[in-house]
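Undergrad: Here is my input; please provide its structure:
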Amino acid sequence: MRKKSALFLICCFIICLVGCGEKIKTEHSQKNSQVELTSRQKKILKEAGLSTNYDDLLSSQRIAIKRIEELYKYLDSEYDEEFIYEGYIAPNSLQDEQLIVYPQGLTESDIVTVTVSKIDDKEIITDDYLNLLLRDDYESYIKNIIVKLVNSENVKVYSEITEVKDKNNSEYDNNVSAMNKIFILSTDDNKEMLDKLNKKYKESLESHKLYSVNKFYIMEENAFEKITKYNYEEYLNDDNIVAKFRCSLSE
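TA: Numbering: from 1, shown residues only. Here you go, the predicted model:
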């Protein structure tokens, strides 16, 4: 993940390229706007290396910090949760406007994205926090399926939920789409385990309608013991992987 202020600075920098020196001078001459920034806005500006005085900001920076606060207020109204600022992307021809945060107590890898779309000139705000809330339980659900197939508890599942069809439906079957990284401890008979997984796991996906992309890694013991959801990419090399395969199901 990029440094905390990177996205904010990039979006401001791109927009500021439209202006020129004379425009900037004019902006800075318009003092005493009487706009009072919140403590949250000031913290974000300070961490980005920008002034916490609204009158000192360029017009693009003023727009950005206002929008960030508006999108934060959306989160405040939806969830009883504090979110840490990670970045902001201004709307452009290639991408919708986005606020990028993560819940307090988690890490920068646990990203929540607030997206602003426009449909028939109407602004629609959505977020993917539910995907993160469901993740741990969904991982357990997938792990239980695999544990039964391989008859071993030496299984680790790390998931990224990409879609939830019905937010009011607590079921995963035919409702959740995901990308799963699945790590299994190597055994004395990996071939038999792989043959069973190749056949039986695909059958499980189809019977439960678990739409997903699944990457399986049979791991050496030393690497398997060290793997967590935050560091597993460090161990995805030939020294640690005994075998691997991919299994997926799409609608």
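
Undergrad: Against which helices or strands is the one helix or strand D195 maps to packed?
TA: Counting by DSSP states H and E, the element that carries D195 is helix 190-196. Applying 3 or more CB pairs under 8 Å, 6 or more residues apart in numbering; DSSP states H and E, one finds that helix 190-196 makes contact with helix 129-150, strand 211-219, strand 241-249. Every C-beta, even on glycine, is put in place using the N, C-alpha and C of the backbone.

Undergrad: Please identify the deepest-packed of these.
TA: Highest mean neighbour count among these (mean count of other CB atoms under 10 Å): strand 211-219, with a mean of 20.

Undergrad: Show me what it pairs with in its sheet, parallel or antiparallel.
TA: According to DSSP bridges, strand 211-219 forms sheet pairs with strand 176-185 (parallel), strand 241-249 (antiparallel).

Undergrad: how about the strands in the stretch 51-200 of the chain?
TA: Per DSSP state E, counting those that start in this stretch, the stretch 51-200 of the chain carries strands over the ranges 83-89, 97-103, 112-119, 122-127, 155-164, 176-185.

Undergrad: Would you pull up how far the helix holding D195 lies from the middle of the chain?
TA: Computed by CA atoms, centre = their mean, to the nearest Å, the chain-centroid distance of helix 190-196 equals 33 Å.

Undergrad: In it, which residues are buried?
TA: 193-194 (16 or more other CB atoms under 10 Å).

Undergrad: same question, stretch 42-54
TA: The neighbour-count check on stretch 42-54 (16+ other CB under 10 Å) flags 42, 44-45, 48, 50, 54 as buried.

Undergrad: From L132, how far off is the spatially most central residue of the chain?
TA: Geometric centre of the chain, nearest residue: I111, 3.5 Å, by CA atoms, centre = their mean. Noted for I111: a distance of 8 Å to L132, by CB to CB, to the nearest Å.

Undergrad: Contacts for stretch 66-74, please.
TA: The contact list for stretch 66-74 (CB atoms under 8 Å, 6 or more residues apart in numbering) reads 8, 38, 40-41, 44, 83, 85, 88, 90, 97, 99, 101, 114, 116, 125, 127.

Undergrad: What subset of these is buried?
TA: 8, 40-41, 44, 83, 85, 88, 90, 97, 99, 101, 114, 116, 127.

Undergrad: got any ranges where the chain has weak pLDDT?
TA: 1-33 (pLDDT under 70).

Undergrad: Domain parsing of it, as residue ranges.
TA: Listed by automatic domain parsing, the domain ranges of the chain are 6-127, 131-249.

Undergrad: re the thing from before, closest to A178 out of the helices and strands packed on helix 190-196?
TA: Each of the helices and strands packed on helix 190-196 has some distance to A178 by CB to CB; the shortest is strand 211-219, at 4.7 Å.

Undergrad: Show me how far the closest one is from its chain's centre.
TA: Distance of strand 211-219 from its chain centroid, counting by CA atoms, centre = their mean, is 19 Å.

Undergrad: Can you give me the buried ones in the helix or strand just after it?
TA: Going down the chain from strand 211-219, the next helix or strand is helix 221-226, by DSSP H and E. In terms of neighbour count (16+ other CB under 10 Å), helix 221-226 has its buried residues at 223-224.

Undergrad: quick one on the thing from earlier: let's have the strands of the stretch 51-200 of the chain in CSV, adding distance to E225.
TA: What follows is the strands of the stretch 51-200 of the chain, written out as CSV (distance: least, CB to CB, whole Å):
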stretch, distance to E225
strand 83-89, 30
strand 97-103, 27
strand 112-119, 30
strand 122-127, 36
strand 155-164, 10
strand 176-185, 9
